[in-house]
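Undergrad: Mind looking at a prediction? Sequence and model below.
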Amino acid sequence: MTAVSARSRPTRRRGALGRLPAVGYGLLGIILFFVLLDVTGILFDIPPEQLPRSLTVAATTFTVLADSVFHEAVWDTLSAALIGLGLAILLAVPTGILFGTNRPTFAAVSTLIEFMRPLPAVALIPPALLILGAGAEMKVALVAYSTFWIILFNTIYAVRGVDPLQKDAARVFGVSRFGAMVRVVLPSAAPFIYTGIQIAATAALLVTIGTEMLAGGSGGIGEWLMTYLNAITRRDFVYAGAYLSGVIGLLLTLALVSLGRILFPWNKAAGGRGR
């Protein structure tokens, strides 16, 4: 009986890669990416001025990290992205709740929404420059516009996705419509609304940097990158700044996921561990 049990028990054999933690896999992927870039540059004979080698970019990254001008650029970008995201949340969540619970209201404005939603934020840079000028206000407005739609539709479908049985049960117990919204609909929809905010946060950072690169004179990481892009002999600074922008986006995502685990520990959609 013991021998049969021993044979039926599955044996797990894991190699060196199987023993790596999740962080180890991430670091391994980053190393392979940079190795692939170097191999591509060598095989296709791309000059280092156009595609600097990884060791050069790594050394430049430490220089950029100590640059106070880059610190100021990061602050300008993050502040504009987060303020614009905050405005989008304040506008989109109540609007999404209204549209999600009142279908006739949504139907009345759906044509206008479908007309406005596909317009990219980049296409609005010229009128935004004319109205707001090349400053922080212009970046904040474009970020708020582009992230508004993400949060709006996530909120609408989150509210509509609440189990009708929960709302019916609340009415049976004499809970008013407003009470059912506060005690049933919002707690159920909140994790999925937060997921939309997480997605919108990444979009906010991308829109901010893109606007800074195209508008000019608005400061931030985008303008910092364009300054070194125009300096032909300092292309390694462009790559270092671009990689650091990716790191900033990753840290922002991790921070929001951690916050989601605190706010909604029961729900995987908002970064929680689930039951």
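TA: Arrived safely, thanks for sending.

Undergrad: Next, the contact list for the residue nearest the centre of the chain, please.
TA: Nearest to the mean C-alpha position of the chain, by C-alpha atoms, centre = their mean, lies residue 202 at 1.8 Å. By C-beta atoms under 8 Å, 6 or more residues apart in numbering, residue 202 lies in contact with 249, 252-253. C-beta coordinates here come from the backbone N, C-alpha and C atoms, glycine included.

Undergrad: Tell me the helix or strand right after the lowest-mean-pLDDT helix or strand in the chain.
TA: The weakest-scoring helix or strand in the chain, judged by mean pLDDT, DSSP states H and E, is helix 2-8 (a mean of 49). Note on helix 2-8: by DSSP states H and E, the next helix or strand toward the C-terminus is helix 22-43.

Undergrad: Show me what counts as buried in that next one.
TA: The neighbour-count check on helix 22-43 (16 or more other C-beta atoms under 10 Å) flags 37, 41 as buried.

Undergrad: try stretch 128-142
TA: 128-129, 134, 136-142.

Undergrad: With stretch 239-256 instead?
TA: So stretch 239-256, judged by 16+ other C-beta under 10 Å, has buried residues 239-241, 243-245, 248-249, 252-253, 256.

Undergrad: Check stretch 92-103 too.
TA: So, applying 16+ other C-beta under 10 Å, buried residues of stretch 92-103: 92-93, 95-97, 99-101.

Undergrad: Nearest to residue 117 among the residues you listed?
TA: residue 92 (11.9 Å; C-beta to C-beta).

Undergrad: Just confirm the closest one contacts residue 158, I think it does.
TA: No. Using C-beta atoms under 8 Å, residue 92 makes no contact with residue 158, being 11.6 Å away.

Undergrad: In helices, which of the buried residues of stretch 92-103 appear?
TA: 92-93, 95-97, 99-101 (DSSP state H).

Undergrad: Could you dump those into JSON lines with pLDDT and distance to residue 37 added?
TA: Shown next, in JSON lines, are these (pLDDT from 0 to 100; distance: C-beta to C-beta, whole Å):
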{"residue": "92", "pLDDT": "97", "distance to residue 37": "38"}
{"residue": "93", "pLDDT": "96", "distance to residue 37": "41"}
{"residue": "95", "pLDDT": "95", "distance to residue 37": "44"}
{"residue": "96", "pLDDT": "95", "distance to residue 37": "41"}
{"residue": "97", "pLDDT": "93", "distance to residue 37": "46"}
{"residue": "99", "pLDDT": "93", "distance to residue 37": "45"}
{"residue": "100", "pLDDT": "91", "distance to residue 37": "45"}
{"residue": "101", "pLDDT": "88", "distance to residue 37": "50"}
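
Undergrad: Adding distance to residue 46, write those residues out as TSV.
TA: Formatted as TSV, those follow (distance: C-beta to C-beta, whole Å):
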residue	distance to residue 46
92	44
93	47
95	48
96	47
97	52
99	50
100	51
101	56
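
Undergrad: which residues of the stretch 151-275 of the chain fall in helices?
TA: Assigned by DSSP state H, counting those that start in this stretch, the helices in the stretch 151-275 of the chain fall at 164-172, 177-180, 186-215, 220-229, 235-263.

Undergrad: From the chain's centroid, how far away is the last one?
TA: Put simply, helix 235-263 sits 9 Å off its chain's centre (C-alpha atoms, centre = their mean, to the nearest Å).

Undergrad: Could you check the angle that helix makes with helix 186-215?
TA: 170 degrees (axes from the mean of the first three to the mean of the last three C-alpha atoms, to 10 degrees).

Undergrad: Now do helix 235-263 and helix 220-229, the angle between them.
TA: 160 degrees.

Undergrad: and the angle for helix 235-263 with helix 22-43?
TA: Going by the same axes, to 10 degrees, helix 235-263 makes 160 degrees with helix 22-43.

Undergrad: Most widely separated two among the ones in helices among the buried residues of stretch 92-103?
TA: Longest span within these, C-beta to C-beta: 92 and 101, 14.8 Å.

Undergrad: What is the neighbour count of the nearest residue to residue 37 once chain neighbours are set aside?
TA: Of all residues not flanking residue 37 in the chain, residue 54 sits nearest, at 6.3 Å (C-beta to C-beta, 6 or more residues apart in numbering). The number of residues packed near residue 54 is 17, by other C-beta atoms under 10 Å.
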